[in-house]
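Novice: Predicted model follows, preceded by the sequence.
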Amino acid sequence: MAKRSIPRKRQKHNEKKWMVTPQAPLCALGEVLRARDVFQPIHDLVNIPQKTVVYRPTDKLVFVVLGMLSGAETVSEIQSKVRPDRGLLAAFGYDRCADASVIQQTLDAATEATVASLESALAEVRLKQGQKRQVSSEGQECIRVDIDVSPLPIGKHAEGLKKGYIANKQNTYTRQVARCVCGDTQEIFSQELYAGNTRSSDVFKPMLGKLQMALSLDTVEKRRRVRLRFDAGFGTDANINYALWQGYELIGKMYASRRIQKLVATVEAWVSVLTRKGIKGREAGWVQQPHRYARRTVQGAVRTPKKDGTWSYTVRVSTNTTASLEDLVLEYDKRSGAPENSFCQDYQALSLRKYRKARFIAQQVLLLLAELAHNLMIWMKEWFIEAVEIPQEVSEQPKTHTEKRRRCFRAGD
């Protein structure tokens, strides 16, 4: 007896396969990054002493950046956030994602040469893609650069850990993150990882060296187009004189407390000044006998009332000798919150404090990858605006008959 044949449906080989992903906006960013070859300098310049089996070592660094952008709070969460998302991987040009344990091994295999090459690659990426691509010698407004330090908590068995200062927390093991941020765009120019007991005054000169490499400030004329803003922790005589000798413009607070009392005593008249924060009762006055630095500066004293009826004094140093007293005070007030916000955004949006590695060099690599993720979020705003921008003449034309009638009715009125 012959077997009964069962009809089967023919498979449609030309049927389009759709990929479901919860990261649709990030997929759109992936297409832009592939068109701009953003990650190509990383593949060309970064060297990690590890062989390639399925993925290049630099591909695993890209997976870490994708994890930060997609909401993975740790490297291990890449296993559940990025690896199953085929649509996200396809948008960035990948078929699969490496295992989280393999990515951890790549981070642990990094060396000091890897950190140096990654810094060079990020500098090239920023030079091609950043909003502040290059500083010219003339014909350009000054770029405001804010320098600040923030603690990065770490476990008790990590390299380079020391007990550092964290607000409302005592005896906490931490590392310190120093950062140079563009005051106008919040773009990170450079950052470095230090031990937990490192003071702000000790990282000022090294951070200026990294800033010069990031912005190609190889001449004094270019450094004059950069205006540094810093708080009292950086305002030692050695740091201020070093910045002035290098040719930078600056505004910041003075460090020495005893000298501040002497300079405040020379103020002849106090004037009430307003602030964006709405602090009432704050006054300012010119220092009549300013402290001498490597270049000519103006110094203004500011006093703020305390709850106990006394005053809190600060002295602000500026190279802008033509500014008024109110402009001097308000210019420094614009710095307030700018570098702190960049740290808070990375701690919350990128979960930077949860990306921890016991090896100091591996933590530096994670810090640089977080810098790239931070700058991508800054740059993609401009990219998306350029992509969806519609000419004004086209957008003003009425699209429907109802809209035409409304415009005619308004014209008749």
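Specialist: Now that the structure is in, tell me what you want to look at. Numbering: from 1, shown residues only.
Novice: Do I have it right that K357 meets L366?
Specialist: Yes. K357 is within contact range of L366, at 6.0 Å (criterion: C-beta atoms under 8 Å). Using the backbone N, CA and C atoms, a C-beta is placed for each residue, glycine as well.
Novice: Need the overlap of contacts for the two.
Specialist: L107 (C-beta atoms under 8 Å, 6 or more residues apart in numbering).
Novice: What does A113 show for phi and psi?
Specialist: phi -70, psi -30 (degrees, to the nearest 10).
Novice: ok, the nearest residue to it once chain neighbours are set aside - contacts?
Specialist: Spatially, and ignoring its direct neighbours in sequence, A113 is nearest to N47 (6.3 Å; C-beta to C-beta, 6 or more residues apart in numbering). Shown in contact with N47 (C-beta under 8 Å, 6+ apart): A113, T114, S117.
Novice: In the stretch 1-150 of the chain, what residue spans correspond to helices?
Specialist: 24-36, 40-45, 57-70, 78-81, 86-91, 100-108, 112-129 (DSSP state H, counting those that start in this stretch).
Novice: so which of these comes closest to G196?
Specialist: The minimum distance between G196 and those falls on helix 112-129, with 18.9 Å, by C-beta to C-beta.
Novice: For that closest one, buried residues please.
Specialist: Within helix 112-129, the residues scored as buried using 16 or more other C-beta atoms under 10 Å are T114, V115, S117, L118, E119, A121, L122, A123, V125, R126, Q129.
Novice: Hmm, V115 is touching A362, no?
Specialist: No. Here V115 does not reach A362: they are 9.6 Å apart, not a contact under C-beta under 8 Å.
Novice: burial of the nearest residue to R356 once chain neighbours are set aside, as a residue count?
Specialist: Take R356 and drop its neighbours on the chain: the residue closest to it by C-beta to C-beta, 6+ apart is I154, 5.9 Å away. A count of neighbours around I154, defined by other C-beta atoms under 10 Å, yields 23.
Novice: Then S80?
Specialist: S80: 12 surrounding residues under other C-beta under 10 Å.
Novice: Equivalent analysis for A238, please.
Specialist: 11.
Novice: in which helix or strand would I find it?
Specialist: helix 237-246 (DSSP states H and E).
Novice: so who does E141 touch?
Specialist: Counting by C-beta under 8 Å, 6+ apart, E141 touches R225.
Novice: circling back: hey, which of the helices of the stretch 1-150 of the chain is tucked in deepest?
Specialist: Comparing the helices of the stretch 1-150 of the chain by mean neighbour count (mean count of other C-beta atoms under 10 Å), helix 57-70 comes out on top with a mean of 24.
Novice: And that helix, what does it pack against?
Specialist: If you count contacts as 3 or more C-beta pairs under 8 Å, 6 or more residues apart in numbering; DSSP states H and E, helix 57-70 packs onto helix 24-36, helix 40-45, helix 78-81, helix 100-108, helix 360-388.
Novice: could I get those as JSON lines with mean pLDDT and distance to L69?
Specialist: Listed next are the helices and strands packed on helix 57-70 as JSON lines, based on pLDDT from 0 to 100; distance: least, C-beta to C-beta, whole Å:
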{"stretch": "helix 24-36", "mean pLDDT": "85", "distance to L69": "6"}
{"stretch": "helix 40-45", "mean pLDDT": "94", "distance to L69": "15"}
{"stretch": "helix 78-81", "mean pLDDT": "90", "distance to L69": "10"}
{"stretch": "helix 100-108", "mean pLDDT": "94", "distance to L69": "15"}
{"stretch": "helix 360-388", "mean pLDDT": "87", "distance to L69": "6"}
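Novice: circling back: nearest to E386 among the contacts of N47?
Specialist: For the contacts of N47, the nearest to E386 is S117 (30.6 Å; C-beta to C-beta).
Novice: May I see the helices of the stretch 1-150 of the chain organised as TSV, with distance to E159 added?
Specialist: Output for the helices of the stretch 1-150 of the chain, formatted as TSV (distance: least, C-beta to C-beta, whole Å):
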stretch	distance to E159
helix 24-36	33
helix 40-45	24
helix 57-70	20
helix 78-81	23
helix 86-91	33
helix 100-108	12
helix 112-129	13
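Novice: At which residues are the strands of the stretch 101-250 of the chain located?
Specialist: Counting by DSSP state E, counting those that start in this stretch, one finds strands in the stretch 101-250 of the chain at the ranges 143-153, 162-166, 169-182, 188-195, 226-230, 249-253.
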